[in-house]
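K.L.:
model the following, please.
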Amino acid sequence: MKSKFTQIVNIKKRNLDKIELNLAKKRNEAAIIEGFVAQAANDITAYEIPSSGNFNEMRASLEILKAMRREKELLLERLSLTKKEIVHLEHRYKNANLEFEKMKYLQAQDFNVQMENIKKAEAAAMDEFATMKFARVKKE
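P.N.:
Numbers count the residues shown, from 1 in each chain. Presented below is the predicted three-dimensional model:
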């Protein structure tokens, strides 16, 4: 049975699903970035600065270590941004879900009103039918 809220409920549901999909993607992206951060931390920990050698080798080694730390910092910044986007999407999901539930409730209320009207019409038709049958039986 159709209601005046059916199309609105469908639109709200599609919007909710879209936000949920984006939220899942961002959570997955955050997990991947966390893996990259852990790998970068392991690489930094495992990197050994040569204890002997000429100045250029030592300097190059320190530059490599500096670059590895900067990469880790960039990954942490990206992770922080992704987590902020996740919080934003969770907020949007909460609001979209609330709107969807409101529309579903209004749709259910509208269905109940329609069903009551149908029941009243059926009851009136049955009364009319019973009155006509009674009148016919009384004539005979």
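
K.L.:
show me where this protein has helices.
P.N.:
6-46, 55-139 (DSSP state H).

K.L.:
so which elements touch the last one?
P.N.:
Under the contact criterion of 3 or more Cβ pairs under 8 Å, 6 or more residues apart in numbering; DSSP states H and E, the helices and strands touching helix 55-139 comprise helix 6-46. Heads up, the C-betas are built off the backbone N, CA and C, glycines and all.

K.L.:
burial count for residue 9?
P.N.:
20 (other Cβ atoms under 10 Å).

K.L.:
circling back: just say which of the helices of the chain is most tucked in.
P.N.:
helix 6-46 (a mean of 14; mean count of other Cβ atoms under 10 Å).

K.L.:
that helix vs helix 55-139, what angle?
P.N.:
160 degrees (axes from the mean of the first three to the mean of the last three Cα atoms, to 10 degrees).

K.L.:
and the average pLDDT for helix 6-46 is what?
P.N.:
Mean per-residue pLDDT for helix 6-46: 95.

K.L.:
packing partners of it?
P.N.:
Right, helix 6-46 is packed against helix 55-139 by 3+ Cβ pairs under 8 Å, 6+ apart.

K.L.:
to the chain's geometric centre, what's the distance from the helix it packs on?
P.N.:
Remark: helix 55-139 is offset 7 Å from the chain centroid, using Cα atoms, centre = their mean, to the nearest Å.

K.L.:
for the most centrally placed residue in the chain, what are its contacts?
P.N.:
In the chain, the residue lying closest to the centroid (Cα atoms, centre = their mean) is residue 20, at 1.9 Å. Taking Cβ atoms under 8 Å, 6 or more residues apart in numbering, we find residue 20 in contact with residue 93.
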